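Trainee: here you go, sequence then predicted model.
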Amino acid sequence: MVKRTYFTKEFKLEAVRLLDAGEKPASDIARELGIRRNLLYKWKEQIEQYGENAFPGKGRPPSSDKQIEEIKRLKQELKKSKEEVEILKKAAAFFAKEMK
């Protein structure tokens, strides 16, 4: 399995700046930087969409409030389900002992 490569925000901004300068074709820029050409266009699109907020953390676009709330809800649901599973395991063990 190939290890995923992460690029810094500065690297991405510089790559898009080179693309916007128009001095070289995107394929040449991508080859020189060791990335795929479509990645340049993806980064450019993210900068246009999110501006200064593009590439937080490991380069992922920022989550919307709706996505954050959904993640929070799903984490709570997962925690509750794990607790229920533990209770059912204990109950199954208890009833298995009584049947012997």
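Mentor: In hand now; what should we look at? Numbering: from 1, shown residues only.
Trainee: now for K12, how many residues are close by?
Mentor: 21 (other C-beta atoms under 10 Å). Backbone N, C-alpha and C define where each C-beta goes, glycine included.
Trainee: ok, now which ones touch it?
Mentor: The contact partners of K12, by C-beta atoms under 8 Å, 6 or more residues apart in numbering, come to W43, I47, A54, F55, G59.
Trainee: and which of these is nearest F95?
Mentor: G59 (50.7 Å; C-beta to C-beta).
Trainee: returning to that earlier point: buried subset of the contacts of K12?
Mentor: W43, I47, A54, F55 (16 or more other C-beta atoms under 10 Å).
Trainee: looking at the residues you listed, which are in helices?
Mentor: W43, I47 (DSSP state H).
Trainee: between the buried ones among the contacts of K12, which is closest to K90?
Mentor: F55 (46.2 Å).
Trainee: gap between K66 and K72?
Mentor: According to C-beta to C-beta, to the nearest Å, K66 and K72 sit 11 Å apart.
Trainee: burial count for A15?
Mentor: Counted with other C-beta under 10 Å, A15 comes out at 21.
Trainee: repeat for F11
Mentor: Neighbour number of F11 under other C-beta under 10 Å is 15.
Trainee: how close does the closest residue to it other than its chain neighbours sit to R17?
Mentor: Excluding its sequence neighbours, the residue lying closest to F11 (C-beta to C-beta, 6 or more residues apart in numbering) is L33, at 8.0 Å. Distance from L33 to R17, counting by C-beta to C-beta: 12 Å.
Trainee: the more surrounded of those two?
Mentor: L33 (15 against 11).
Trainee: now do the more buried one, the pLDDT please.
Mentor: Reading off the confidence values, L33 has pLDDT 91.
Trainee: got it, and the one 5 residues further on?
Mentor: Predicted confidence (pLDDT) at N38: the value is 93.
Trainee: got the phi and psi for it?
Mentor: phi -60, psi -20 (degrees, to the nearest 10).
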